Every structure is written in structure tokens, then in C-alpha cells.
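Colleague: Got a predicted model here, sequence first, then my questions.
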Amino acid sequence: MKKLSARRRHPLAAVVVLLLALAATGGLYAAFAPAGKAQADDSAQSLTIQEGKKLYEVGCASCHGTGGQGSSDGPSLVGVGAAAVDFQVGTGRMPAATSQGAQVPRKKVVYNQTQIDQLAAYIASLGAGPNVPTKDQYGPGGADIAKGGELFRTNCAQCHNFTGKGGALTKGKFAPTLEGVDPKHIYEAMQTGPQNMPSFPDTTLSSKNKKDIIAYLHAVDSSDTTNPGGLELGGLGPVSEGLFAWIFGLGALIAVAVWVAARTAKAKKS
Amino acid sequence: MSSQDIPEENLPAEQDHARGAVGVADEVNPFADPGLPPHEHRIQDIDERAAKRSERAVALLFTVSMLATVGFIVSYVAIPHDKSIFVFPIGHLSALNFALGLTLGAALFCIGAGAVHWARTLMSDVEVADERHPIEAAPDVRAKVHADFRQGAAESVLGRRKLIRNTMFGALALVPLSGVMLLRDLGPLPGTSLRHTMWAKGKRLVNTNTNLPLRPEDVAVGSLTFAKPDGLEETSEDFQTEIAKAALMIVRLQPGNIKDKRELDWSHEGIVAFSKICTHVGCPISLYEQQTHHVLCPCHQSTFDLSDGARVIFGPAGHALPQLRIGVDSEGYLQALGDFEEPVGPAFWERG
Amino acid sequence: MSTAANETPRSRGKAPAGERIADWADGRLGIYSLAKSNMRKIFPDHWSFMLGEVCMYSFIIIILTGVYLTLFFHPSMNEVEYHGSYVPLQGQLMSEAFSSTLHISFDVRGGLLMRQIHHWAALIFLAGMFVHMMRVFFTGAFRKPREINWLFGFLLFVLGMFTGFTGYSLPDDLLSGTGVRFMEGAILSVPIVGTYLSFFLFGGQFPGHDFVARFYSIHILLLPGIMLGLMVGHLILVFYHKHTQFAGPGKSNKNVVGMPLLPVYMAKAGGFFFLVFGVIAAIAAVAQINPIWAMGPYRPDQVSTGAQPDWYMGFSEGLIRFMPGWEINFWGHTLVLGVFIPLVIFPLVLVAIAVYPFIESWVTGDKREHHILDRPRNAPTRTGLGVAWMTLYLTLLVGGGNDLWATHFHLSINAVTWFVRIAFFVGPVIAFLVTKRICLGLQRRDRDKVLHGRETGIIKRLPHGEFIEVHEPLSQEQLHTLTAHHQYEPAEIGPTVDENGVERKVPASEKLRVKLSSAYYGEDNQIPKPTVDEYKEITSGHGHH
């Protein structure tokens, strides 16, 4: 029951519906046609799942097992949900390199979004899990930035730093920087808790809370964030400030002192 | 100005040789101090045109300073305080801060640069030797001071009138005590306040994010939740002081993964509630790694194992994080079954 | 400033205004006798002698900007709701201290600039004091008669650290609040009285409602007041002792060679103030420091990773981070060694460098005045010890930023911490040995230079086919400069029998002194400088190449 409703809410369904319905009756009507949606769901969705299964068997099964049950090389994917797949594959973390360090880092994305959606649909079919969020959920509309800041400092800053610059965890693991991360992926990370990050399900950090956090991050940690005082120095706090003061502050002053104390050029007598 | 700053290292060296050949006889002491080298003239000393150039450079620097000050005033008046501009390679910054800082910096720097350039090129650069005199006094002065002191001491009769001396020392020693006493009201005595938090039997665990009481089903395995005691609001008078002790970190483990028996007993269906305050020096510790069940303190890297009674596995903390015993009340909400059994936060002498 | 002095006295008639004012002041203040000895005071030229000025000027800049900041800052911990111009904090609850700092940063024109100059100048002030102190250390400028001034300088550095720390805590932001929380934990660890001290400092439980106001009066009044006094004393002593100088032709222990205060140093030093101010203002224009708005208001249940103090407190952070978590419980009491040991080592690290001049003067037993600076190589043991101390300090700084080392160099934080634990003990020893070797090598090179001349890099082929490098003899100036330093003889234990032939008990302190002395000045611990005889023998023996 839960599984069914989850599948119906899947954003991919909407995409498929949109395509089919556009051909049939025109876009506007299709978007508001729940009846058609249910119908289209079955065939298109199963097709997507089939495609996803094929991709899975080629790219993922060696570690996660043929049915997603997991193996010694990779965890079980039953019940992780489409959101987890969209995050892991969409940020390039999956497929992981065969020999990995303390944790799997973000890297170049291997699959295109359609393939990711197909993989996600397949994994979602193995067991219920969080869905890929919609733009409404992570978009900036109606977000409270200040509340997001407070929530960020309570829930996220301990690992990701005040403004999402990242930080160290035990034994070489680390919380990555959040700058330049797609809001959708931030949302999915909170939902699913990738790797060692704990999850923040809607029951403890509501959907609105997540939206606020994403809006806050956009305000303080994006390429067009204003740092009124000038150079951000990595946003790392006193360590980088201290280095800057020593190298550029004291360095410049010593250079000036050398000039002040140096002897003036002497004239050659001719 | 740079054209005059060419270091001409060769010149003094050449002269040294010249003088070495003529100079002090080797027979006496080849290491002897040859005395100050003769003064050499700068370009400005012999070429009035060069001196004029220096003068103009100094005047130019002072003029730039004046212009920069005008620029400062104009910026102050003209630039709105919330205007943001993009400056390569710095990024987006406050236009006002940037303009004020640079104009002020230029105004000050040019005054300094002008003065120094003036001193270096136009003021006399003849090196002068100043005699030093011994710091300590001559023997006769020393003798005089000692004698004076002895006379003064004798005249004070302090040595003979022991009663005066002793009571005076006593009075002087006691009088600062008043000052020490006055410090008493800086704060209340600790009493048992460090041993108690707001938690008590029946207090519900309220989600810090949503401000709603938590139910067991809200807390998923692998998730991280922060809670505060029911009734503690951000607007409360003592919110900061209370949350500094009562802040809670809640995670759910598979009951089978809990190694510590007491931890299991004090949990509810695998949900465990630990103090968020590090037992080292009190940072809110919450870098929870959901796969290893370790929490790391961001301040000093104490690491605790939440699956094993939150014992310390790395870092400077001296003891495990205190656990709060929890259960479920009649309406199905998570509640505390009492206060923490030991003081939360950093250890202290009376902690025991 | 210089008009009065440059004015040549005019023939009779009315004296110029400047002169009349000076006469007036002299009649009341006696300024002429002061000016007589100081107006043409000589200062030697060397860039490293200006490091102290960097400190003094940044201190003045800090005072100027600090006074400005007090006009707008509210040292209060009352909770208020923010409604200023910084959007991401709109409607948040925060202390008045934090909201007034936001007000200074966003709503007072030039307020952010003043804040940034204040903070950058503070970092540079302490960095300057550190380098200045090291300059004095490595050149032996702390020797008699300057030991007291060394202590004044040291106290300025330590007080500067605490003034900085209290100032950093005032905005009551999440980063500094975390630092204050650490301070509370450290105070709590003090045996017996710790809990009471903490309650008295914070006016009760942490964080309470008092510490910002209390830190405020400490930060703006108590500590800077003491520092100002010390700085004036420091300067008076510099004037009184006259500046030290490096050895060189015409420079002796009995003179000081340089330029007069009026006009050259008036212009150079006065100009340098503006240069320092200008550089710091420009830095404050382009580089952001302590963006408290990004950190948010302090809440004891919130924290950010990368929580570090300003750099000058970094070594104490390193101490606390690498310490194992030792804790002893007995008879209902807790001895928090994991925190208390670092708290004790913290002042010891500083005291170690502060007392060094007294130890060295005890070892040498030298009671003379020293005005000629040592080149670091000519005091190998001292230089070695100094570098060992700096290595310890730097190791602790690395430890204080272990998380950033881990993330930026892709290391494990546990490995970095273990590295610091080991390097804390091993690093200084290695640094000492290596530095001393380098110093001895340099001494040997100086000796060769004096005896055999400078290597010219010109290769000459002799008639019988041998290749030699042409060595050029040094000038007398250079010979003098390279041989001007004094070399101590290692101390020996005095006669073990007194004048009556009775055996004397040699005190342990004397034995220790002799041991140390041979470690400083023994055969393998310094290279004897060339003597005149050696020089003559070589130069007359087989002549110049």
C-alpha cells in the first residue's frame, strides 16, 4: 500500500505522464489528469524499471548483488529509495572506485539523468524508500532563510561548518563542502543520510525545515553570496585568518620595514 | 623613485679594498676595528636635479594622500551602506567597506611613504656614533644613596620601634582582604546546580527543530535528532543556561547492536538519548557517524561510541557521555524517566 | 614637528612663535633637559629593529578603532529579536552584544571597516610581538642590562593574548561562545576551587547573563590599561638603554651608530606609523575577518566544526586537543587531568621562554653589559634552544588546527593528533640538534672565510695542471665583523679545597652550572673563532692564492 502510493508520487511518473499525455491531449490537460496518470503509470513505469534493471546489472550488481541484496563490497539497496539513488549516482559518488579511501568522494557523474531515473525506479521497486523530491520541496519559494540558519547551526554546522565549507570526521572521513551542490541533492542527503551522514527524516526535520536550510545555504554559500568584508579566506575561521595575518599582514609590514631601514643608493663619484 | 633605489653593493666593497691596502698595518691586529667607513654621498646630495625629483615625489605622495581623504569622504556620503559590488578576484563585497578601506589606507600609506622617502633621500644620512654610558651608578653615587637610605631608615625609627613596624605590616596585610571580600558576590556558590538539569520523570522529549514532542516512530534508524525538555522555550529567561545542560542527542540503533547492557536498559526500542554536551569541556558534540555509531566532538576531537554506552574511544574526554533514561508515556510520546544520573558536561572537582 | 628645531635663531628682536612656546613649556616642565639627551638620540638602521614599532603602532591602531567601536557596542546579554539589515538573521533571538555587533557591521557606515581594522591589527599586533620577541631572543638582545625590558615585552605578549581572547568573546557569536565554553570547562578542571572560580567568573552557571559585560571591562579597561603602562615603560627603557646594534666597523659595545631621532627617525618612525596603519586599513578593505553574521548568535547547544581561537591562542588549543583523556576519581572527587595538565603546561610553555635570559646569565656568570648583538650562529646552544621552543610552539599550532590539516591534506584526524602527540616530545629535540649542527657549520664557514678568504667562484689552472678556486682575502671590515663576537670558556668547578686545606662540598647547583656551561661552550659546542696568530700564520705561510 505504502509502496504503491510511493510509486505514484514518483516525479518520474509525472515526466512520463507528461510525455504521453502531450501526445494525446495536450500538455495542460495532461498535467491535471490523475486518471491518465494511473493508467500510464503501470506500463511506462514498468518499462523504466526494466531499463533501470539492465543498467543496474551492468554497473552496480557486482558490488550490490544481482537483486540489490548487497554483498561484502556494497550495502543492500532494498528500501533505500529513489532519493538515495538519485543522490549517490547524481553526485558521481556511485559507481564507486574499486579501491576507495575512508569514504566515497563526489566525482564526475557517469550516468545521464534519464539513466539515473531508470536506476532509481528500479531500486525503488525493490523496497519502499524516500522519493526524489520535487522542485516545490527544495525550491526557494516560501522559505524562511533565518529559520534555516538556526536549523543549519543546530543540525548541520557541527560537521559541515557555519556556512557549509565542510569539516573533518574520524579516521580520514570528512563532511564535504556544500558549495555548488544541487539543492535537490542536499535535500536527498538530508532525507537519506548517505554514507556516515545521519538521515534527517521528515518526522524530525520537516520538509519545510529542509527547504529553509537549503535557502539559507544558498544565501551564505553560493557563488553570488556577498562577503561584505572582502575575501572570505575559505570561510574556515581563525586558522585561515591567522595565516593571512602572518603572511600578508606581517609580511607586508616587514617588507615596508625593510624599505624604511634600507640604505639609500649611493652616488658613484665620477 | 625606484631609479634611485638601485642597490650599488659594489661601491662600498671597492672602497674597502682601497682602504684595506692603505689602512691599518696587518702587523698589529688584522681583526681590529677599522672605524666607521667614510660617509658617501647619495645622488640627491650631489645632484640638485635628483633632489628636486625626490622633493616632487614626496609632494606627490602627500597630494595623493589628500585626494584619498577626499575620496574617503565622498565614498562615505555617496555609497549606500548595503550596496554590494563584484570585485575580481575577491568576489562580492560591500562597496562601502571596500571604498572606505582603500581610500583610508591610501591616505595613510602615502603620508608614511612620503615621510620615509623624504627622510631617506633628502635628510642627512651621515651616520653618527653616540657614546654609551654605563647604566650602573658610579661608586660615589652608590655610596651616597646607601648612606642616605640608612640615615632615612634610622630617622624613621622603624627599626627600633618594633611595635609600630609589626602593627603596620599587619594592617597593610589585612586591608586588601576587604577587596577580596567584595568579590564574593560575583556569583552564587555552585551548590548542586551542576548536578541537575531540567530533565525529570515524565518530561517529554521535544524536537528542537519542530518544537513538537517526539514519538518513537519519528526516530528512524540512522537518523539524528536533537531534543530539549518540554517547557523550555527559546524565549525563556534561562533558556541559554538550561539548554547548556539539557540538550539531548537522540539516535536509534538496532537493539542487537547495543553492546552496553545499561544503555540497552535505558533505551526505548533501540532509541537512546545521550547528553549533547561533551564531557571534555562542554562543546555540543554531535558529529554522528551513522554507520560506525561514533560521535566526534568538533572542538577537540573526543570520540564516543554510542553503541557502547558512549564510552570514549579517542581524544581528551575523560568519561562517557551521560545517558538519559527514556520511555513512552500514556499518549505514546517519548518521555524522560528521571534526570541524568550523573552531572552532564565537563568534569569538575566535586563531581566524584 | 620639526619647524621649531630647524628655525635658526634670529638676530635679537622677537623669537619665533615655536621657540616662545617651547620656552614657556620649559619653564614649567623642564622639557629642554629632556630634549637635550633625546632629541638627537641615535637609532641604528636595521629592518628587524622596526618589528617593535610594528607592535606599538598596531597597538595604537587597536586603541583608536577600539574606542570607536565602544561608541556602538552594547556589552549586554539581554535577549533581543534582530531586525537589522542582515536578512539571514532576521527575527532571530540573540544577545544585545551580538545584535549591536551586527549593527556596527551592517548599519554603521565604516563600522565594518573599523571592526576589521581592529581585528586585523590585533592579529598583526600579536604576530609582531612574537617575531619581535624571537628577534630579541636569537640576537641575544635580552642580556644585561635589558632583562627587565625582556620581561616587560613578554608580559605585553601574554596580556595581549588575553586581551585578544576577551575581545574575541565580546560579540557573543557561536564561534567565540564555543571558546568561552571551553574556558569554562578549563576553569572547572582546576582542583578544589575550579567550580567556585567558574561560578564567580560567569556569575553562576554557564553562560549566565554576565560574562560579556565582565569581559568588556577587562577587555577595554583593565588589560589595555596595564599594557599601556608596560608599553610606556618598555619604551622608556629602550630610550634609556639606547638601542643595540650588530657588530661592524666603527660599532662597539660603548657606542651606538645610526641616525638621529630628529629629523631622520622622527620622519622614518613617524612615517612608519602611517605605513602600518595604511597597510592594515587596506587589508581590512579587501579581506574579511571574523564574519560573526555567518556564525550566528551563540547557543550552548549549537556548534560548528573548525571551532578554533585566534592564532595566538592556537597553541593552547593544540595542547588541549592532543591530550589523552585522563581522569582520576577518588574519595568523591575528580581530578580532570585531561584538561588540567594542558592548563598547567600552557603557562609553562610561555614561562620557559620568559626565564631563559636569567638561566643563560647564570650559566655564563657574565655581569657585563651587552650592546652588541649576537649573530644566531655564534650562540649555537641558545639558537638551538630557541628553535626547539619554536618547534614546540608550531607543533601545538598544528595540533590546534588538526581538523583543517586533516581535511586539506586528506589525512586522518586521528593520525594528525598522534603525530602531534609524538612531535610534541620528539620535535624540539630534533630541532635542537639540527639547529645546533647548522650553527656550528656556519661558524666553521665563517672561520674558513676569515682564514682563507672568500670563495670567488673563479677556477684557475696552475701551470702543473692542478685546478684551484681563487680565494679573495676579506677586507678588514669583514674580518672585524666576523671576529668581533665574544666566546665564553666553559666554567670549571672551583677549587675543591678551601684556603685552609679543608675539603669543600661542591653544591649541586655549581655542578649543574658547570655541566650546562660545557654544554654551551664546551669543545664540541662552539667552533673557536680564528685568532690573530692563526690568521697571520696562514696568510704569511703560503701567501694568497
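Modeller: Sure thing, it's come through.
Colleague: burial of residue C:177, as a residue count?
Modeller: 28 (other Cβ atoms under 10 Å in any protein chain shown). Any C-beta I mention is one placed from the backbone N, CA and C, and that applies to glycine too.
Colleague: Now do it against residue C:95, distance only.
Modeller: 9 Å (Cβ to Cβ, to the nearest Å).
Colleague: show me where the stretch 151-300 of chain B has helices.
Modeller: B:162-174, B:176-182, B:239-246, B:261-265 (DSSP state H, counting those that start in this stretch).
Colleague: Chain B - how does it break down into domains?
Modeller: B:2-121, B:196-351 (automatic domain parsing).
Colleague: With residue B:180 as the reference, name the closest of those domains.
Modeller: domain B:196-351 (20.7 Å; Cβ to Cβ).
Colleague: Would you mind naming what in the stretch 351-500 of chain C lies close to chain B?
Modeller: Taking Cβ under 8 Å from any Cβ of the partner chain as the contact definition, the stretch 351-500 of chain C meets chain B at C:369, C:371, C:402-403, C:413-414, C:417, C:450, C:475-480, C:483-484.
Colleague: that older thread, find residues that contact each of residue C:177 and residue C:95.
Modeller: Counting by Cβ atoms under 8 Å, 6 or more residues apart in numbering or on different chains, the contacts common to residue C:177 and residue C:95 are residue C:298.
Colleague: Can you give me the buried ones in the longest helix along chain B?
Modeller: Longest helix in chain B by number of residues (criterion: DSSP state H): helix B:48-78. Of the residues in helix B:48-78, B:50-51, B:53-54, B:57-58, B:61, B:64-65, B:68-69, B:71-72, B:75-76 count as buried by neighbour count, 16 or more other Cβ atoms under 10 Å in any protein chain shown.
Colleague: picking up where we left off before, looking at the domains of chain B, which is buried most?
Modeller: Of the domains of chain B, the one with the most neighbours on average (mean count of other Cβ atoms under 10 Å in any protein chain shown) is domain B:196-351, at a mean of 21.
Colleague: Now for the residue in the stretch 101-250 of chain C positioned nearest to chain B: which residues touch it?
Modeller: Chain B sits closest to residue C:185 of the stretch 101-250 of chain C, with a gap of 2.6 Å, by Cβ to the nearest Cβ. Contacts for residue C:185 (Cβ under 8 Å, 6+ apart) come out as B:280-282, B:345-346, C:339.
Colleague: now do residue A:65
Modeller: Contacts of residue A:65 were listed using Cβ under 8 Å, 6+ apart, and they are A:71, A:74, A:76.
Colleague: buried subset of the residues you listed?
Modeller: Buried by 16+ other Cβ under 10 Å: residue A:74, out of the contacts of residue A:65.
Colleague: per-residue confidence for residue 66?
Modeller: Just going to use chain A. Note for residue A:66: predicted pLDDT of 83.
Colleague: Wait, chain C was what I had in mind.
Modeller: 97.
Colleague: Now name the helix or strand holding it.
Modeller: Assigned by DSSP states H and E, residue C:66 belongs to helix C:51-70.
Colleague: Can you name the residues in contact with that helix?
Modeller: With contact meaning Cβ under 8 Å, 6+ apart, helix C:51-70 is reached by A:250, A:253-254, A:257, C:104, C:111, C:114-115, C:117-118, C:121-122, C:124-125, C:128-129, C:131-132, C:135, C:156, C:167, C:220, C:224, C:227-228, C:231, C:235, C:238, C:269, C:272-273, C:276-277, C:280.
Colleague: roughly how far apart are residue B:181 and residue C:255?
Modeller: Residue B:181 is 56 Å from residue C:255, by Cβ to Cβ.
Colleague: Check residue B:193 too.
Modeller: Counting by Cβ to Cβ - residue B:193 and residue C:255 are separated by 66 Å.
Colleague: now the residue in the stretch 1-150 of chain C that chain B sits nearest to, nearest residue through space, not along the chain?
Modeller: At 3.9 Å from chain B, residue C:42 is the closest residue in the stretch 1-150 of chain C, using Cβ to the nearest Cβ. Nearest non-adjacent residue to residue C:42, counting by Cβ to Cβ, 6 or more residues apart in numbering or on different chains: residue B:130, 3.9 Å away.
Colleague: Equivalent analysis for residue C:367, please.
Modeller: Nearest non-adjacent residue to residue C:367, counting by Cβ to Cβ, 6+ apart: residue C:144, 7.0 Å away.
Colleague: one step back: between residue B:181 and residue C:255, which one's more packed in?
Modeller: residue C:255 (18 against 9).
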